[in-house]
Every structure is written in C-alpha cells, then in structure tokens.
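> Provide a 3D model corresponding to the input given below.
(2 chains)
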Amino acid sequence: MVATAVGVDVPDEMKSRIPVVLLACGSFNPITNMHLRLFEVARDHLHQTGMYQVIGGIISPVNDNYKKKDLVAARHRVAMVQLALQTSDWIRVDPWESEQPQWIETVKVLRHHHRELLRSLPQTEGRNQGKAVSRVPAAVPELKLLCGADILKTFQTPGLWKDEHIQEIVEKFGLVCVGRAGYDSKGYISGSAILQRYQHNIHLAREPVQNEISATYIRRALSQGHSVKYLLPDAVITYIKDHNLYTRFNNDFTSEESSIPERENFFWEELLSTAQE
Amino acid sequence: MESSEKTDVVLLACGSFNPITNMHLRLFELAKDYMNGTGKYRVIKGIISPVGDAYKKKGLISAHHRVIMAELATKNSEWVEVDTWESLQKDWVETAKVLSTQNIYSVKLLLNASCVAGTLRHFLSTSHHQEKLGARVCDHQQDSPGLERPGRKRKWTEQSQEFNQKKFPEPKTKDGPKIKLLCGADILESFGVPNLWKSEDITKIVGDYGLICVTRAGNDAQKFIYESDVLWKHQNNIHLVNEWITNDISSTKIRRALRRGQSIRYLVPDLVREYIEKHNLYNSETEERNVGVILAPLQRNTANANS
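Predicted structure coming up:
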C-alpha cells in the first residue's frame, strides 16, 4: 500500500549519499497539510545538502495514554494519517507507538524504528545482488527525528526532557527541524552545550511558504461547523464527517496543559501553536 | 431566520491564478462561512475568473493552462467554479467590467456576477508583492464572437444572448443574488496604487457590488478603509473577514519553488501539481515572460490620464 522505507528507486546521483528515513512523532489530531509539508520541506533540504538521500518517511501518532485533551482514539488518528498518505509515494504511517500498552518516550520510538530499519537491511542487499559491481553497497540508513524548530526551545524547558534522551536523539539519530523565517533556531543551539556539541547532526530547514495550519485550529473550526477544506486532505475531511469526530471543542485554554504527562510531551502541534505570532 | 429573508450572494474572485493555490481556495471557504454566519446572506456560488493573457504580467503563462488548473482545483468543490469569459478576451478587461459581465450571464441564477468577476480578479491579482499590479474594472462587455466559451458552462452562452445587449446591467435587485468581489487585503490596498484602478471603477465595485476582503487578523485593512473617502463611504458594503492563521501560499512562491526544484506538494491541489509537472509549466524561461512590459491596467490608465 505504502512504499516501504527501503527499496525506493534511487537516481544515480543519489547513490553515494547517506540514506535517511525521517520519523515524525505527534498527536496528529488530526493530521493537516502542514504536517505533510514538514516532510516535503525536510526532504528538499536534506537533498540540497548533497550528502543525504531521503528514502522514506514515517508518521507515528502518539499513544492514547498520552491523555491529551481532545485526543481522539488512536485508531482514528492512524486511519486519518493513512488516508492523508494515500497519494504519497514515500511517507507511511506506523501504528506501533499507538499500539503500545502505554505512552512511551520519543527516544524509544526512535530506537524501535531504527531496529526495524536495520532488520530490513539484508533485503536491500539482496535486491542488489547480481547488479553491477560498481554499485555502492547499501549503506545503513540513518533515522532522523523530524520536528518543528520550536522543539529546540523545549529542550531548554526544565523537567520536560531527560538530558540523556536529548543527547541520544542528537548524537545517535539526528534532528531535522523545520522553522519559519526569522525563527532563531541557531540561538537555541548555541545556548545549549549538548546541542552545540552535536550541531552537525541538527539540520535546520526553512519552510519557504508560511502556512501555519495547527490541528487546534482545525478542531475549533470543525466544532463551529466551519469549512476546513484545503487545510487537510479531502479524504481526511470525509473520514472526520463520517465518524463524527471533533464535534465539540473544549475552549478552556487554562487547562490546556494540565493533562499533559510530565516530560517531553510537546509535539509539533503544541510547539507550532504556541510559537505562532 | 427564514432563509427567504437572506440575500443570496455570489462570490467572484479575479486574479492571475498563475497557478491557483490552496490559499485562493481558502479565501472562498472563509468568505462563505463568514457571510453565512452573519445570518443575512446565503452564499450560493463562487466563481473564479482567471485574467486574460493581455494582462501582461511578468511570468504569466497562457490562460489555457491557468483555466485548466483552476478547473482541476475546483473539481471537488460543490460550489466554486471557473468562468473562462475573462480569460478568453483578447484585450485585458477591467475588473469592474468582469463584474458586470458576470452579472449578465449569471442572471438567471445570479444577476450580478460578471462584473464582479472582473473586479475580483483585479483585486486578487494585485495581492502579492511581485504580482502587485492588476487592477481591472468592469467596462462594458460588448457582445463579440469571442464571448462564446468552449467547453464548460454552455448555459453561459445562452444566458449571455439574452443579456449581452445591455451593458452594465443594474447591479442586483433586492430579490436576485448579489455578486461580490472576493479578495485578499493586498488588493484592497492596491486601490491606493496610482493608475492601477480607475477611481470610478473603485466606486462601482464597492458601491454597486461589494467587497469581501479576507485579511490577516491585526492587518491594517480597517485603517485603509478609514483613510479612503470612497471606501469609507461604502464601508457597509465591504466585509472584512479575519483569517487567524498565516496562509501565505502565493503563486509567486509556488513558481519560485518550482524553479528551484522544491516540492509544492500540499500547497496546491494534487491534480494541479500533477498538471504542472506533466506540462512543465513553470521554469526560469516562463518567468521571463512579459519582463519589461507594462502591465495592461497601468498602460491603459496612464494613457487615459495623459490624454
């Protein structure tokens, strides 16, 4: 149904590049065109560097036990992402995180998908058998966390992330942060010893087209009976209507964060919506 | 409120649509929700009227392609459609005239649409930095053989025959649908650009038809209206719709991304993206079109001013 991470056809100029898979974690409640744009922008950016070749993208909707207000059941969120990705030939949804008995930290989701990637490697090599010898042997793909640039800021919020997790993410995996023009991503990196140390592994991409479609905005519009067409794929809108999702919107801003687990739970949606000007 | 007490409204958007983006399509959705939300109006239709090639804007590709893209983009819309009349005119048509023309052929359903279409286009086309100039006004739509539109909307031809005798039909009666020009804030502000718009056209647009302007919250549209005598006078006919999220998907940025080989996915409808790719519509060559050529409205209005 969806292209697997490895096994995508590779243009010659890309052969010597490091293969990369992008992983995005978040609520996707619901997925919007902006989430999808992050992947496109990140891929363009990494290709532009001349060093990387993005061979796949994974969207991992958060577990229901994340307990965020207004979070609809993971099966719906996964289904919506799947519908949104019908027309993408390189991004897929992965329900593993949402199927765990409890909420798990982002670094553990990265570890899981990295293991899976390594496991799928022999296949790639097998595919190449019998091909021209000049062909570069399949390199081990890198798995990078894709997120809004605002995540860098949350790294500095006391108690939100464990230091060793931040270190593992930037040291072992790597970050691709998509930011808006004028956002001081570099300032956040230089303000943190860990980030500074691994800054070669933090890629800052810029969305050339400002387009801030937060899922919160979508839910509010839906609850008011307003149109959300062209903000998310038509197939997702149809699914929302068919399943009667997001008919009510809790407008109580003060309780917005009270149900969020203690650490690290700022994903895109929160990041992007709080940072909007 | 009884729906019979509501005024039916047709939204007309004029512009280059070079290419049409999700932002253009959002303008319609936002305006419709806003107008229906007032309880006084019922939006029954949206019309996209791409400008003709004679507009001479930099980087403007042929109307043929722009119309097809707009049609692909609205394929899944139940209420927005594309009107090709303006795009088929040999000479550039002022927006006010498009409004009145729309009025004519939409009459059965919507009395006032054509002129509005022209007006809207003009507004829309002025809304982006690079795409700054694009005023148009509804002049009379002479009936000419060129009026016949190929393909879509047969009914238009029939209707136009009944109506194209009249130039400038009276805008709207109380009972019939009203056509209003839909635009972004930049177009409103383009009213202040010298020679871009004829002042009588501005008066006609805001006085006879009406304007629905989607603006970023905190934008200066209100102030702009206050500072213009004619806009201030007709402020009841200007609806400002707040857009709470930044949605800056300009056609200029789409073309730039395409020239640079960057993805435009999720910024324009998929069918539009596929069409662009299939026909390789935008590149550094097409961007050079009309370079050094003076925009049609400026040419015309400047000449008139000097004569």
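
> When you work out contacts or count neighbours from here on, use the C-alpha atoms and nothing else.
Noted.

> Tell me the spacing between A:Glu97 and A:Asn65.
From A:Glu97 across to A:Asn65, the span is 11 Å (CA to CA, to the nearest Å).

> no wait, B:Glu200
With CA to CA as the criterion, B:Glu200 and A:Asn65 are 63 Å apart.

> A:Glu97 and A:Asn65: which is more packed in?
A:Glu97 (24 against 17; other CA atoms under 10 Å in any protein chain shown).

> What residues of the helix or strand harbouring the more buried one count as buried?
Secondary structure assigned from DSSP states H and E places A:Glu97 in helix A:96-99. Within helix A:96-99, the residues that count as buried by 16 or more other CA atoms under 10 Å in any protein chain shown are A:Glu97, A:Ser98.

> Show me what from the stretch 1-150 of chain B comes close to chain A.
B:Asn22, B:Leu25, B:Arg26, B:Glu29, B:Leu30, B:Asp33 (CA under 8 Å from any CA of the partner chain).

> tally of neighbours for the residue nearest to the first one when sequence neighbours are not counted?
Nearest-residue entry for B:Asn22: B:Val268, 5.0 Å, with adjacent residues in sequence omitted and distances by CA to CA, 6 or more residues apart in numbering or on different chains. Using other CA under 10 Å, B:Val268 has 23 other residues around it.

> Show the contacting residues for B:Val268.
Contacts here follow CA atoms under 8 Å, 6 or more residues apart in numbering or on different chains; on that basis B:Val268 touches B:Ile20, B:Thr21, B:Asn22.

> Close to chain B: what parts of the stretch 1-150 of chain A are there?
So the stretch 1-150 of chain A meets chain B at A:Asn33, A:Met34, A:Leu36, A:Arg37, A:Glu40, A:Val41, A:Asp44 (CA under 8 Å from any CA).

> what's the distance between B:Arg289 and chain A?
Separation of B:Arg289 from chain A (CA to the nearest CA, to the nearest Å): 23 Å.

> Count residues in the vicinity of the residue nearest to that residue when sequence neighbours are not counted, would you?
Of all residues not flanking B:Arg289 in the chain, B:Gly59 sits nearest, at 4.8 Å (CA to CA, 6+ apart). By other CA under 10 Å, the residues close to B:Gly59 number 21.

> Just read off the phi/psi values of B:Gly59.
The phi/psi pair for B:Gly59 (degrees, to the nearest 10) reads phi 80, psi 10.

> for it, what are its contacts?
B:Thr286, B:Glu287, B:Glu288, B:Arg289, B:Asn290, B:Val291.

> Please report how far it lies from B:Tyr275.
B:Gly59 is 17 Å from B:Tyr275, by CA to CA.

> Return the set of buried residues in stretch A:210-229.
Buried residues in stretch A:210-229 (16+ other CA under 10 Å): A:210-216, A:218-222, A:226-229.

> can you give me the end-to-end distance of that stretch?
With CA to CA, one end of stretch A:210-229 sits 18 Å from the other.

> quick one: contacts of that stretch?
Contacts for stretch A:210-229 (CA under 8 Å, 6+ apart): A:28-34, A:180, A:231, A:237, A:246-249, A:269, A:272-273, A:276, B:26, B:29-30, B:33, B:245-249.

> Check stretch B:298-307 too.
With CA under 8 Å, 6+ apart as the test, stretch B:298-307 has contacts from B:Asn195, B:Leu196, B:Trp197, B:Lys198.

> so which of those residues comes closest to chain A?
B:Leu196 (27.2 Å; CA to the nearest CA).

> quick one: that closest one is in a helix?
No: with DSSP: H, G, I helix; E, B strand; the rest coil as the criterion, B:Leu196 is coil rather than part of a helix.

> Does it touch B:Pro297 like I think?
Yes: using CA atoms under 8 Å, B:Leu196 is in contact with B:Pro297, at 5.8 Å.

> quick revisit: quick check: strands, which of the contacts of B:Val268 are part of them?
For the contacts of B:Val268, membership in strands holds for none, with DSSP state E as the criterion.

> Just the residues of the stretch 1-150 of chain A next to chain B: which are in strands?
Per DSSP E, the residues of the stretch 1-150 of chain A next to chain B never map to strands.

> And the residue in the stretch 51-200 of chain A that chain B sits nearest to, how far from B:Pro269?
Chain B sits closest to A:Thr87 of the stretch 51-200 of chain A, with a gap of 8.4 Å, by CA to the nearest CA. According to CA to CA, A:Thr87 and B:Pro269 sit 11 Å apart.

> On the pLDDT front, check the residue of the stretch 101-250 of chain B found nearest chain A for me.
Residue of the stretch 101-250 of chain B nearest chain A, by CA to the nearest CA: B:Asn247 (4.4 Å). On pLDDT, B:Asn247 comes in at 75.

> Could you do B:Lys172 as well?
Reported pLDDT for B:Lys172: 45.

> What of B:Arg42?
Predicted confidence (pLDDT) for B:Arg42: 96.

> any idea which element the residue nearest to it when sequence neighbours are not counted lies in?
Nearest residue to B:Arg42 in three dimensions, chain neighbours excluded: B:Asp8, at 4.8 Å (CA to CA, 6+ apart). Per DSSP H and E: B:Asp8 is located in strand B:7-15.

> ChimeraX command for the buried members of the contacts of stretch A:210-229?
The ChimeraX selection below is limited to those of the contacts of stretch A:210-229 classed as buried (16+ other CA under 10 Å):
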select /A:28,29,30,31,32,33,34,180,231,237,246,269,272,273 /B:26,29,30,33,245,246,247,248,249
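
> Tell me the secondary structure at the nearest residue to A:Val72 once chain neighbours are set aside.
Excluding the flanking residues, the one nearest A:Val72 by CA to CA, 6+ apart is A:Asn29, at 6.8 Å. Under the three-state scheme (three-state DSSP), A:Asn29 adopts coil.

> and if you look at B:Arg42?
Applying three-state DSSP: B:Arg42 is strand.

> For it, the count of nearby residues, please.
23.
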